[in-house]
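Q: one predicted model, sequence on top.
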Number of protein chains: 2
Amino acid sequence: MSSEKNPTRTRILKAAWELLESSPGVAARMSDIAKKAGVSRQALYLHFPNRTELFVATTKYMDEVYCVQENLAESRTAATGEARLEAYITAWSAYVPKIFGIAKTLIVMAETDEDAARAWSERMQDMREGCAAAVAALARDDALAPGYSETEATDLLWTLMSLQTWESLVVRCGWDQARYRATVLSLARQALVAGAD
Amino acid sequence: MSSEKNPTRTRILKAAWELLESSPGVAARMSDIAKKAGVSRQALYLHFPNRTELFVATTKYMDEVYCVQENLAESRTAATGEARLEAYITAWSAYVPKIFGIAKTLIVMAETDEDAARAWSERMQDMREGCAAAVAALARDDALAPGYSETEATDLLWTLMSLQTWESLVVRCGWDQARYRATVLSLARQALVAGAD
DNA sequence: TCTTGACTTGACACTGTGTCAATTGACACG
DNA sequence: CGTGTCAATTGACACAGTGTCAAGTCAAGA
């Protein structure tokens, strides 16, 4: 929706996207983005109030492009709780590498910037709802492992699926995506599904 | 050793420590630390070449004060691999909350600062060796779960014990320390110990 | 008394963000 | 055809924070 409508704005968003993707972290400066987008630095401020909001807008733009909502929502159609857990982990696993660059930047910015912290926290809260739904589905099936309340199970699943876990295994330890997905899934099953393994 | 010897240097380190502890993240500025230590901002540069090195020195100072090496090394005395795993997780769990403030700061700085990245990575490499030793002890007992190579098992244990996992469960989800420790231990056992649970 | 070393003071260069005012150029409307 | 409007540019500036530099202070010791 916001695409196509405002070509300069979109060019800026794409430039920010590319820069953040190629160098995860905080490195991308306003002038870098402007140069990449082929506009003046000041043009950025005509479209976004500040650096943080530009990055937040970039994540929203990515969500749009990738149709995140639909992809994650698919897991709702799974029949059993366990199938739902698997579907959700699979969908999220595929999504994480795509957003990692910008997500990492926002996480780092969140440490010093109130707005960035709020934006990122909202995003993670949305993801958490998916975890909670999967856990609730397990509980409905009477398949939630004893020893965890629904909240605790959600906390744990949310942590296992966090960007940080992905970063540790895939980026730092060099695992491939399939191994990562399989391992998180197996950990979640062993911990949360009653009588698993 | 570095303590007592150089009172001003130690005052600066203590000031940095307190500030980083009270506000994890990147907030502490050189002038804040100087003010807290009761010296001029320039005095900081007489003792440390730059902000990063001051923070790195602060972590080393903390290690000294807390006798990290000895505490972590204790787990080596455990008889079985499983006991060793438990001892190591327990020792590390107790240590994480103490270093969290400064560690978080270094992690954030590592994103943009080469020196900080190296310093933090070395630290985590040390911790990883402890994980590797615990995994090796399990393997020696023939108690390592099938499906993981020793390297993969180390990667996984290292990830489970990472600061980020602690932060997610304890800081963001509000778990208490005991629950955190028990859960990480249980996850590690289920995943890595053959025939566990 | 003279020297040395640790610390202070005040100034400055540099980088990056965000603001401002004046200007340009295209396009539409009467 | 002129005029207004809107998007974007240009160049200047304020501000914060790091790191550097030169000069000065002050106490302890030979």
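A: Thanks, I have it. Residues are numbered from 1 along each chain as shown, chains lettered A, B, ... in the order given.
Q: contacting residues around the least confident helix or strand in chain A by mean pLDDT?
A: Using mean pLDDT, DSSP states H and E, the weakest-scoring helix or strand in chain A turns out to be helix A:68-73, at a mean of 82. Residues outside helix A:68-73 that contact it (C-beta atoms under 8 Å, 6 or more residues apart in numbering or on different chains): A:63, A:88, A:91-92, A:94-95, A:127, A:130. Placement of C-beta: from N, CA and C, glycine included.
Q: of those residues, which is the most crowded?
A: Counting neighbours by other C-beta atoms under 10 Å in any protein chain shown, the top entry in those is residue A:88, with 27 neighbours.
Q: so it sits right up against residue A:134, yeah?
A: Yes: Residue A:88 lies in contact with residue A:134 (C-beta atoms under 8 Å); the separation is 4.9 Å.
Q: redo the contacts of helix A:68-73 as JSON lines? Include distance to DNA strand C.
A: Shown next, in JSON lines, are the contacts of helix A:68-73 (distance: C-beta to the nearest atom of the strand, whole Å):
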{"residue": "A:63", "distance to DNA strand C": "22"}
{"residue": "A:88", "distance to DNA strand C": "35"}
{"residue": "A:91", "distance to DNA strand C": "33"}
{"residue": "A:92", "distance to DNA strand C": "30"}
{"residue": "A:94", "distance to DNA strand C": "31"}
{"residue": "A:95", "distance to DNA strand C": "27"}
{"residue": "A:127", "distance to DNA strand C": "26"}
{"residue": "A:130", "distance to DNA strand C": "32"}
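Q: right, and the helix or strand after the longest helix that chain A contains?
A: Longest among the helix segments of chain A by residue count, using DSSP state H, is helix A:81-110. Next helix or strand after helix A:81-110 toward the C-terminus (DSSP states H and E): helix A:114-140.
Q: chain center to that following helix: distance?
A: Centroid separation between helix A:114-140 and its chain, computed with C-alpha atoms, centre = their mean, to the nearest Å, is 10 Å.
Q: hmm, back to that, so which bits of the least confident helix or strand of chain A are buried?
A: Under the neighbour-count criterion of 16 or more other C-beta atoms under 10 Å in any protein chain shown, helix A:68-73 has A:68, A:72 buried.
Q: starting at the chain centroid, how far to that helix?
A: So, by C-alpha atoms, centre = their mean, the centroid of helix A:68-73 is 12 Å from its chain's centroid.
Q: can you check stretch A:57-69 too?
A: The answer for stretch A:57-69 is 10 Å, by C-alpha atoms, centre = their mean.
Q: buried sites along it?
A: By neighbour count with 16+ other C-beta under 10 Å, stretch A:57-69 contains the buried residues A:57-59, A:61-62, A:68.
Q: any regions of chain A where pLDDT drops low?
A: Applying pLDDT under 70 to chain A flags residues A:1-4, A:25-26, A:196-197.
Q: which bits of it sit near DNA strand C?
A: A:29-31, A:42, A:45, A:49-52 (C-beta under 7 Å from any atom of the strand).
Q: overlap between those residues and the residues near chain B?
A: Applying C-beta under 8 Å from any C-beta of the partner chain to the residues of chain A next to DNA strand C, one finds that nothing falls near chain B.
Q: around DNA strand D, pick out the residues from chain A.
A: Applying C-beta under 7 Å from any atom of the strand, one finds that chain A approaches DNA strand D through A:7-8, A:38-43, A:46-47.
Q: which pair of these spans the longest distance?
A: Taking C-beta to C-beta, the two most distant members of the residues of chain A next to DNA strand D are A:7 and A:41; they sit 18.2 Å apart.
Q: show me which of these two is the more surrounded one.
A: For residue A:7 versus residue A:41, neighbours defined as other C-beta under 10 Å are more numerous around residue A:41 (13 against 9).
Q: any idea how many residues pack against the nearest residue to that one once chain neighbours are set aside?
A: Leaving out its chain neighbours, the residue that sits closest to residue A:41 by C-beta to C-beta, 6 or more residues apart in numbering or on different chains is residue A:34, at 4.3 Å. Using other C-beta under 10 Å as the criterion, residue A:34 is surrounded by 19 other residues.
Q: show me which residues of chain A are close to chain B?
A: Going by C-beta under 8 Å from any C-beta, the residues of chain A near chain B are A:24-27, A:104, A:108, A:111-112, A:147, A:152, A:155-156, A:158-159, A:162, A:164-165, A:167-169, A:173, A:175, A:179, A:183, A:186-187, A:190-191, A:197.
Q: can you pull the contacts of the closest residue to chain B within chain A?
A: Across chain A, no residue is closer to chain B than residue A:164, which sits at 3.5 Å (C-beta to the nearest C-beta). Applying C-beta under 8 Å, 6+ apart, we find residue A:164 in contact with B:162, B:164-165, B:167-168.
Q: could you measure it against DNA strand D, distance?
A: Relative to DNA strand D, residue A:164 is positioned 26 Å away (C-beta to the nearest atom of the strand, to the nearest Å).
Q: swap in residue A:146?
A: 50 Å.
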